[in-house]
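Chemist: Quick one, structure for this:
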Amino acid sequence: MEEILSEKKKHILLSAMKLFATKGYVQTTMQEVAQFCKMSKGSVYQHYTSKEELLFSIFKYYFKLINDQLQLVMREQSLSPRERLVKQIEVIFTLSQQYPEFLTMQMRENASFSNKDIEQFIEKANAAHLQMFTDNINSIYGESFAPYSLEMALLLSSMISTYNSIMLLEKVSLSIEMLSDYIVRMVDYAAEGLIQERPEPLLSQEVWPRMELIASSEHSKSIHPLVLVKQVREQLTRLTLPAKSMQDALDSVAILEKELMEVQPRRVILLGMIANLRGIEEIGEELNGMAKALAQSLEHMSITPISGGEA
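Modeler: Here you go, the predicted structure:
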């Protein structure tokens, strides 16, 4: 039943995203969302208590999708820093192609998203992505480039946003792989000029206070739970366990991974699967790290119900 409810919740969320993109958030009512989902209005309210909570959940869902995949790329040891950056840009473009309604919704009436909780969440999510780009740029060009890395991350972010708009709004078809590599080459050319001329950076915390938020974005620097799940699975495959114990452990890891991909992972499921694995002493260290990362991740992803009417 829990899994069915989760699928219903996701169905409502994705349906509302389409309606908000085509008709507008303000103009769309919860009754129309219910009709689009072929559900009663009361059933929709069982999952989302207000239209604002539904909107907040859309942002949570989309940014979680991006963050999960970006973090997996970030921890891929076989990639060079430059290859990693290209792959991360590919992730952003690919998800934009898969969920064009999300970007359309934002572009259509971003000014109407006046809820403070939503604004703060978006600000923190964008800060985390900028910090990730900044760290990658430092890895590519070295610590001596650090004075320019944030401004270069802003340039990179702007190019991604611009090309996303061109492909979405003007229906321009571009190869995601070629475009991602091209954008990083453009960054290479800009970085080369900065390294040669060494101009004084324009941005500082004094002129742009939000720099402090970006610099203190601890969530972007922590190991993502999905990465730790992957490490636990790899560690298990190196152990010699009875067949039934091995299968139970791998099943628990698979459930952990599936639950972490949900819009709102259920704490009781995550903790239950970790408890199932506790009997395997060889992965005790990995499980302790996973429990800590899950606590941080769940706090970051938690959605506080927003009271309010249909609006």
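Chemist: List the backbone torsions phi and psi for residue 175.
Modeler: Note on residue 175: backbone dihedrals following degrees, to the nearest 10 are phi -70, psi 120.
Chemist: Then the one 3 residues further on?
Modeler: Backbone geometry at residue 178, expressed as degrees, to the nearest 10, gives phi -70, psi -40.
Chemist: separation between it and residue 236?
Modeler: Computed as CB to CB, to the nearest Å, the residue 178 to residue 236 distance reads 38 Å. In this view, the C-beta of every residue, glycine as well, is placed from N, C-alpha and C.
Chemist: Name the residue in the two with the higher neighbour count.
Modeler: Shown here are residue 178 and residue 236; by other CB atoms under 10 Å, residue 236 has more neighbours (20 against 9).
Chemist: What is the subsequent helix or strand relative to the helix or strand encompassing that one?
Modeler: Using DSSP states H and E, the element containing residue 236 is helix 225-237. Downstream of helix 225-237, the next assigned helix or strand under DSSP H and E is helix 243-260.
Chemist: Report the angle between that following helix and helix 225-237.
Modeler: Interaxial angle of helix 243-260 relative to helix 225-237 (axes from the mean of the first three to the mean of the last three CA atoms, to 10 degrees): 170 degrees.
Chemist: So residue 149, which state does it fall into?
Modeler: helix (DSSP: H, G, I helix; E, B strand; the rest coil).
Chemist: and it, what is it in contact with?
Modeler: Residue 149 sits next to 134, 137-138, 141 when contact means CB atoms under 8 Å, 6 or more residues apart in numbering.
Chemist: center of the protein, which residue is that?
Modeler: residue 67 (2.4 Å; CA atoms, centre = their mean).
Chemist: CA atoms of the helix or strand containing that residue as PDB?
Modeler: Here residue 67, judged by DSSP H and E, is contained in helix 51-74. Output of helix 51-74 as PDB, limited to C-alpha atoms (Å, rounded to 0.1, in the frame of the first residue of the first chain):
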ATOM      1  CA  LYS A  51      -1.400  23.900  -3.800                       C
ATOM      2  CA  GLU A  52       1.700  25.600  -2.300                       C
ATOM      3  CA  GLU A  53       2.800  22.300  -0.800                       C
ATOM      4  CA  LEU A  54       2.300  20.600  -4.200                       C
ATOM      5  CA  LEU A  55       4.500  23.300  -5.800                       C
ATOM      6  CA  PHE A  56       7.100  22.900  -3.100                       C
ATOM      7  CA  SER A  57       7.100  19.200  -3.700                       C
ATOM      8  CA  ILE A  58       7.700  19.700  -7.400                       C
ATOM      9  CA  PHE A  59      10.800  21.800  -6.700                       C
ATOM     10  CA  LYS A  60      12.000  19.200  -4.200                       C
ATOM     11  CA  TYR A  61      11.400  16.300  -6.600                       C
ATOM     12  CA  TYR A  62      13.300  18.000  -9.600                       C
ATOM     13  CA  PHE A  63      16.200  19.200  -7.600                       C
ATOM     14  CA  LYS A  64      16.600  15.800  -5.900                       C
ATOM     15  CA  LEU A  65      16.700  14.100  -9.300                       C
ATOM     16  CA  ILE A  66      19.500  16.400 -10.400                       C
ATOM     17  CA  ASN A  67      21.400  16.200  -7.100                       C
ATOM     18  CA  ASP A  68      21.200  12.400  -7.000                       C
ATOM     19  CA  GLN A  69      22.700  12.100 -10.500                       C
ATOM     20  CA  LEU A  70      25.200  14.900 -10.100                       C
ATOM     21  CA  GLN A  71      26.600  13.400  -6.900                       C
ATOM     22  CA  LEU A  72      27.000  10.000  -8.500                       C
ATOM     23  CA  VAL A  73      29.000  11.500 -11.300                       C
ATOM     24  CA  MET A  74      31.000  13.500  -8.800                       C
END
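Chemist: which phi and psi does the most far-flung residue of the chain relative to its centre have?
Modeler: Note on the chain: the largest C-alpha distance from the chain mean falls to residue 242, namely 37.3 Å (CA atoms, centre = their mean). Taking degrees, to the nearest 10, you get phi -60, psi 150 for the backbone angles of residue 242.
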